Each structure stands twice: as C-alpha cells, then as structure tokens.
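1. Sequence first, predicted model second:
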Amino acid sequence: MIDDDKPKKLLLLMLTGLTLSVLAGCATNPISGDDELMFYSVEDDFTLGKAVAPEILKYLDGRISDEGLQRYIDRIGQKIALVCHHPDWEYHFTAVEHESVNALALPGGYIYITRGMLEKLETEAQLAAILGHETTHVVARHSMAQISKRRVMNVATLATLASGAAPPEVMQLTMITNQVMTMQYSRQDEKEADLAGLDYMVAAGYDPNGMLEIMRILQKEHPGGKQYEFFSTHPHPENRFYYIQDKIDKRYPDRNDLRVGRETYQAKIAEYLKTHPKPKKSKRERQALAAQQQLHGEGPWNSEKIQGRDSQRWPRSHRHRP
C-alpha cells in the first residue's frame, strides 16, 4: 500500500521548484564531475521511485514469481551497487514478466529487467553489464536531471493534485508515472551509463566483454540494422561497440581472471525461463487491466502496447539498454 501523503509531498516539492526560480540549484554528477541543473533533492528521488514503482510493476506484467531467480538477480545487482558511487543508497533489482527486450531504472534505485531480455542473455557477465548500466542512471540521477531541464510537470495540474481537489487514485500516480516513463535520456547520458556501467561490472568482478557480447547478440538478431526497444535512444550497437572496446583495451587489458558465469546463468535463469513460460492472464484479469487503463487515461501505454503487439510499445526514453 502506497502512502498517499508521500506523492502529495513530492508534488508540492516539485511545484515549489518549478514556480520559484530562486530555488533552482544544481547538483554535481558523481560520475562526470559536472554541475547539472537540479530542482530536486536525493530524498525526492527516493520518494518518487517508491511512489511510482508499484504502478510500473503493473504495466510490466508483474514480478517473475520464482524467488530463487529473483534472489540471483538481486545478488548480482547488489554486487554492482556495492562498488558504485553511492553504495549507501538502497537498490531494488527485479525481474518482470514483460516479453519486450528491455531494462529500465526509476529514480531512487528501482531497477527492472524483463523476461524478454533475460531470454536473450547467455552469461552472468552480460546480466551484470545491463544492471551496471541501469545503476549508473540511478547514481547519476539522469531521470531527475532531465525532469529539471525540461520542466515537464504541468504547474496547474500539480497545484490541483497537491491541493487534494482531484481524486488521487485517478490522477496522482498516473501523472507521475507518465512523466517518468515519457522522459528521454540524452545520448551523453546513455554513453555515460555504458562506460560507468562497464567500470561497475569490472569492479564487481565481472568480465567487461559481457558488455560487448550484448552488442553482438542484438546485432545478430537484427543484422539489417533494426534495433530492439532497448536501444532506440542509443547509438546503433555497432557504434557503441567501438567506444566500449576502446575503454576495455585501454583500461582493462588481459583481465582473464574476471567472472563470466555462463553455466551459472544457464542453470539459474535460462533453464527456468524455458520450463516456466510466462503465465497467461485470465479473461477476468485482462478485463480488469483494460478497465484500469481506461480509468487512468491508459497510463504510459495503451492496452495493445502493454500486451506487446506494437513494436513501438515502449516510450522512447526506455526502449533500450544496457
């Protein structure tokens, strides 16, 4: 159950930040060292992530039910978290049932990887590469920086929501969710997530070639240049390959002692996914989802997109990644 007061408090903070320019400030990106426009505190990241996470989970078809699989993914994610620039933050790594090839991060440390992506991976190092990339988005506060730059929140709507005049169950979380899911990272953000994610996975003990292998996997699947949702806001995988390879050659040559984890990944993830197909929704569940989408203005995606039949089902900012 979400505390209704927390979204309201967050909305009030956002409203204040947007209407009073004197409160505008900046924050230092711990990875690049650059000062960036930032209206929100780190505490706002945590509040926003906690408020939005249950909504996002619904649209991603919920958690994969196997707790052993979830613990395995979280264990790898926590290794990454321990060596990132903010190991003192709390991180949540979750595998979800959505069939798209994707992964995404919410502010405040909520990181998701889809069944579709897990089915394409072959090793633990590849998984670590994706989780490293997503952890970088959280640590660098890319989402909150984009919100600050674009001022995407509508002040009048925020004022209505914060005052309590609008039914919170209809508008509050839907609006916040839409704002988070429709933002777009810059190419620089994505490159930073690739390269810092590479550093994180190596520091956690994983073979950096796992990042390159993901590029190869996706190129092999779509040799004509068509990209997965995971990469739509990135440079083409072939272009990313070169700057990743350059960093490995310069910083991590001859690191043959690092973990690949092919057999473990196959046993923990691949075999489970093969033997446990995605559960089908009952007619009643589909009707309930359709009703919820109608009530919420269809949320981040319409019902057809949520069911995975539309190649453009992911907002541009999250059709991607590592």
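-> Looks like it arrived, so ask away.

2. pLDDT averaged over the helix or strand hosting residue 249, what's the number?
-> If you go by DSSP states H and E, residue 249 is part of helix 237-251. Across helix 237-251, the average pLDDT comes to 88.

3. Now do that helix: which elements does it pack against?
-> Contacts defined by 3 or more C-beta pairs under 8 Å, 6 or more residues apart in numbering; DSSP states H and E place helix 237-251 against helix 187-203, helix 209-221. Yep, even glycine has a C-beta here, placed from its N, CA and C like the rest.

4. And residue 112, how far from residue 140?
-> For residue 112, the distance to residue 140 equals 18 Å [C-beta to C-beta, to the nearest Å].

5. in what helix or strand does residue 277 lie?
-> Applying DSSP H and E, one finds residue 277 in no helix or strand.

6. Same question for the one 3 residues further on.
-> Secondary structure assignment for residue 280, by DSSP H and E: no helix or strand.

7. Burial check on it, number of neighbours?
-> The number of residues packed near residue 280 is 7, by other C-beta atoms under 10 Å.

8. Residue 197 too?
-> Residues near residue 197, counting by other C-beta under 10 Å, number 28.

9. which residues does it contact?
-> With contact taken as C-beta atoms under 8 Å, 6 or more residues apart in numbering, residue 197 is in contact with 129-136, 211, 322.

10. And for residue 68, the neighbour number?
-> 9.

11. Just give the closest residue to it, not the sequence neighbours.
-> Spatial nearest neighbour of residue 68, chain neighbours left out: residue 268 (7.3 Å); criterion: C-beta to C-beta, 6 or more residues apart in numbering.

12. what's the answer for residue 64, then?
-> With C-beta to C-beta, 6+ apart, the residue lying closest to residue 64 is residue 95, at 4.5 Å.

13. partner residues bridging the one you found?
-> residue 113 (DSSP bridges).

14. Looks like it contacts residue 62 (just checking).
-> No: between residue 95 and residue 62 there is no contact under C-beta atoms under 8 Å: 10.3 Å.

15. of the two, who's got more company?
-> Higher neighbour count among residue 95 and residue 62: residue 95, with 26 against 14, using other C-beta under 10 Å.

16. Contact partners for the more buried one?
-> 63-64, 69-70, 73, 112-115, 118.

17. what about 7 Å?
-> Shown in contact with residue 95 (C-beta atoms under 7 Å, 6 or more residues apart in numbering): 63-64, 69-70, 73, 113, 118.

18. Please apply the same query to residue 46.
-> residue 108.

19. What angle do helix 187-203 and the helix holding residue 249 make with each other?
-> 50 degrees (axes from the mean of the first three to the mean of the last three C-alpha atoms, to 10 degrees).
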